[in-house]
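> need a structure here:
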Amino acid sequence: MEKVKLVEKVVIVPEKLTEKRRIFLSNIDLGLVAYQESVSFFDPPQMSFSQACKYFYCALGRLFVDYDFFAGRLVPSMEDSRRLEIDCNGAGVVVAAATTETELRQLGNLTASKPEFKQFVACLHEKGEEQMEITHMPLLFLQLTQLKCGSLAMASRYNHCIMDGVAIHEFASNMAALTRGEEMVVVPNPDRMIFKARNPPEINHPHYEYSKATETDDLYTARCHDTTIEQSSLQHCHTHLIHLSRQRIANLKKAVLRKGRLKNCTTFQVVAAKIWKARSIAMEMHDEKTSTMLFPVNVRKMVVPQAPVGFAGNALINGFARASVRELKEEEDYVFVKKVQEGIERLDDEYVRSSIDWLEVNKGVPCRENTFSLVAWWRLGLEQNEFVWGRSKCDTTVVIKPGLVFLLPEQKGEGGLNICLELPENQMEEFHRLMMED
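Below is the predicted model:
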C-alpha cells in the first residue's frame, strides 16, 4: 500500500510477569483456527498521534496481564499432538503505528467493507506467511493509523480460535477503559473446559451444520476463513451494501405475522429468512439442491453449567436452517422464518454437547456445500467503546470473504440495518430485487 507509511512496529508483552500455563482449546475453538480482521474509525482526537500511541501501548501492556493467553502462541497439545492449545509464554502481540495519505471522507460509507480498508492492516502481514505454521504466528496483531485529515483507524487481526465476537467486544471495552486510565470492565476467564467433549462421545442429533474435514484441512498452517460455497460461482464479485430501513423491517415482520401464522419474530429472524431466500434464488442454484444458512448463536447461557461471566473463548455454535431451492421459491416467507426460529430453539444443552462430540469424532468444519454464514455484527455494540482519543464512529470488517454475509448497524442510528455481502453484479441485482419485494 503506497499510501501507508509505517511509523514503528513493536511487540507488546504483559507489563508484569504472568503464570506459565497452557490453556485447552475446545472443538468449537479448533474449528476456527483462522485470522479475522476488523477496523474502527475515530474523529480527529484532541491529542497528537504520538500521544495516542503512548496511551495505546501503555494500556496494552496492562491489558495483557489479564489477557496473557492473547500474548501467547498456539502449540501442539501435550495430551494429543493432533490438537492445539495455547501456551501462555508471554511472547507478545505485534502492534504497528502508521500514517496514510487517505482522508476519512475519501472512504465513503464506512460501514461497507472495501479494498481501501486493507491499508489499515497493511503493516500486520508478513511476506510468505500463508505457508507459515500457525504455531509460529502471534495470536493478535493491532495497527493504529493516523489518516491525513487527523482521524484515526484502529484495526485488529486476531486468530478466531482464541475468542468469539462476544469476548472480543469485552476485550475492546477493557482496552478502551485502560486507555482512559480506568479499571477493566470485566475480568476475562479463558477456561473452556465446560465445552470439552464427553468421554465416550454421545452424538444424539444429525449435525447438518458441519462437514467432515478433508486432507487439505491442515490445522497447523495459517489459513483464512474456509469458504462455504463453490468458488467458481463467485468470480468477478464485488462487495455490496443494501440498506433496510426500520420501516422496511417492520413491514417484513408484519407480513410474516399476518393471520397469526407465527406468534412472534425478531428482527434477526425475519431479515435472516429473507436473505436466505433471496441469496439462494439469486445464485441460480438448482431447484433440487438443498440450501443451508448458518448463523452463530451465543450458547453461554444455554449450556449447563452456564459459561462464567467474562468467558473469553468461543461459545458461538452454528444454528442452521435448510430447505430445497424449490421450497424457497414456492413457500411463503413465514415458513422460512419458522425454520430460522427452529434453528435457534434446537440449541439446548444436549444439542450443544452432541455438536461438540460430533466434532470430536469427525474433526469437522462448518458445512461447506451450498452454504453461507450470516453474521449479526450489529449485535456486538463495538461502536459504544470510548477510548482516550474518542468514541468509535464505526466498526466493520476489513473484507467480506466469500460465503459470509454481515448484518451491520446503519451509521445514522435510526433502527435500520445494512446487509454487506459479495456477489457477481448480475446476481446482486436479483438479490436486491428479491430483498425489496413484498
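
> stretch 41-61 - what's its average pLDDT?
Here stretch 41-61 scores 98 as its mean pLDDT.

> mind listing what's buried along that stretch?
41-42, 45, 49, 52-53, 55-61 (16 or more other C-beta atoms under 10 Å). C-betas here are computed from N, CA, C, even on glycine.

> need the outlier residue of the protein, farthest from its centre.
Ranking residues of the chain by C-alpha distance from their mean position (C-alpha atoms, centre = their mean) puts residue 259 at the top, at 36.8 Å.

> any idea how far residue 334 is from that one?
9 Å (C-beta to C-beta, to the nearest Å).

> check residue 166 too.
Using C-beta to C-beta, residue 166 is found at 30 Å from residue 334.

> just residue 355 next, same as before
Noted for residue 355: a distance of 27 Å to residue 334, by C-beta to C-beta.

> pick out whichever of those two has more residues nearby.
residue 355 (25 against 18; other C-beta atoms under 10 Å).

> export the helix or strand harbouring that one to PDB, keeping only CA atoms.
When elements are assigned from DSSP states H and E, residue 355 belongs to helix 349-362. C-alpha atoms of helix 349-362 as PDB (Å, rounded to 0.1, in the frame of the first residue of the first chain):
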ATOM      1  CA  ASP A 349     -27.500 -28.100  26.400                       C
ATOM      2  CA  GLU A 350     -27.900 -31.600  25.000                       C
ATOM      3  CA  TYR A 351     -27.700 -30.400  21.400                       C
ATOM      4  CA  VAL A 352     -24.500 -28.300  22.100                       C
ATOM      5  CA  ARG A 353     -22.900 -31.400  23.800                       C
ATOM      6  CA  SER A 354     -23.900 -33.600  20.900                       C
ATOM      7  CA  SER A 355     -22.400 -31.000  18.500                       C
ATOM      8  CA  ILE A 356     -19.100 -30.900  20.400                       C
ATOM      9  CA  ASP A 357     -19.000 -34.700  20.400                       C
ATOM     10  CA  TRP A 358     -19.700 -34.900  16.700                       C
ATOM     11  CA  LEU A 359     -16.600 -32.600  16.200                       C
ATOM     12  CA  GLU A 360     -14.600 -34.900  18.500                       C
ATOM     13  CA  VAL A 361     -15.400 -37.900  16.300                       C
ATOM     14  CA  ASN A 362     -15.400 -36.400  12.800                       C
END
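
> just checking, what packs against it?
Counting contacts by 3 or more C-beta pairs under 8 Å, 6 or more residues apart in numbering; DSSP states H and E, helix 349-362 is packed against helix 27-30, strand 210-211.

> now with 7 Å, please.
Judged by 3 or more C-beta pairs under 7 Å, 6 or more residues apart in numbering; DSSP states H and E, the packing partners of helix 349-362 are helix 27-30.

> got the contact list for the helix it packs on?
For helix 27-30, the external contacting residues (C-beta atoms under 7 Å, 6 or more residues apart in numbering) are 83-84, 161, 192, 195, 197, 313-314, 317, 356, 359-360.

> how is the protein partitioned into domains?
4-195, 223-436 (automatic domain parsing).

> just so I know, which of these lies nearest residue 204?
domain 223-436 (4.6 Å; C-beta to C-beta).

> I'd like the average pLDDT over that closest one.
Domain 223-436 carries an average pLDDT of 90.

> any idea how far the residue farthest from the centre of the chain is from residue 269?
On the measure of C-beta to C-beta, residue 259 and residue 269 end up 18 Å apart.

> how about the strands in the stretch 151-300 of the chain?
152-159, 210-211, 237-244, 290-298 (DSSP state E, counting those that start in this stretch).

> quick one: distance of the shortest one to the chain centre.
Per C-alpha atoms, centre = their mean, to the nearest Å, the displacement of strand 210-211 from the mean C-alpha position of its chain is 19 Å.

> residue 60 should be in a helix, yeah?
Yes - under DSSP: H, G, I helix; E, B strand; the rest coil, residue 60 sits within a helix.

> mind checking how far the residue nearest to residue 123 when sequence neighbours are not counted is from residue 22?
Closest residue to residue 123 apart from its sequence neighbours, by C-beta to C-beta, 6 or more residues apart in numbering: residue 96 at 3.8 Å. Shown here: residue 96 relative to residue 22, a distance of 28 Å by C-beta to C-beta.

> those two: which has the busier surroundings?
Comparing residue 96 with residue 22 by neighbour count (other C-beta under 10 Å), the higher total belongs to residue 96, at 21 against 16.

> contacting residues for the residue most central in space within the chain?
In the chain, the centroid-proximal residue (C-alpha atoms, centre = their mean) is residue 165; its distance is 5.7 Å. Going by C-beta under 7 Å, 6+ apart, residue 165 touches residue 380.

> mind doing that once more with 8 Å?
Contact analysis of residue 165 by C-beta atoms under 8 Å, 6 or more residues apart in numbering lists 296, 316, 375, 377, 380.

> what is the nearest of these to residue 244?
residue 377 (14.1 Å).

> so that closest one touches residue 408, yeah?
Yes - at 5.2 Å, residue 377 counts as touching residue 408 under the criterion of C-beta atoms under 8 Å.

> mind listing the shared neighbours of these two?
With C-beta under 8 Å, 6+ apart, residue 377 and residue 408 have common neighbours residue 396.

> more crowded one of these two?
Remark: of residue 377 and residue 408, residue 408 carries more neighbours, 23 against 20, as counted by other C-beta under 10 Å.

> number of nearby residues for the closest residue to the more buried one other than its chain neighbours?
Closest residue in space to residue 408, ignoring its immediate chain neighbours: residue 418 at 4.4 Å, by C-beta to C-beta, 6+ apart. Burial measure for residue 418: 20 neighbouring residues, criterion other C-beta under 10 Å.

> surely residue 418 and residue 113 touch.
No - with contact defined as C-beta under 8 Å, residue 418 does not reach residue 113; the gap is 10.6 Å.
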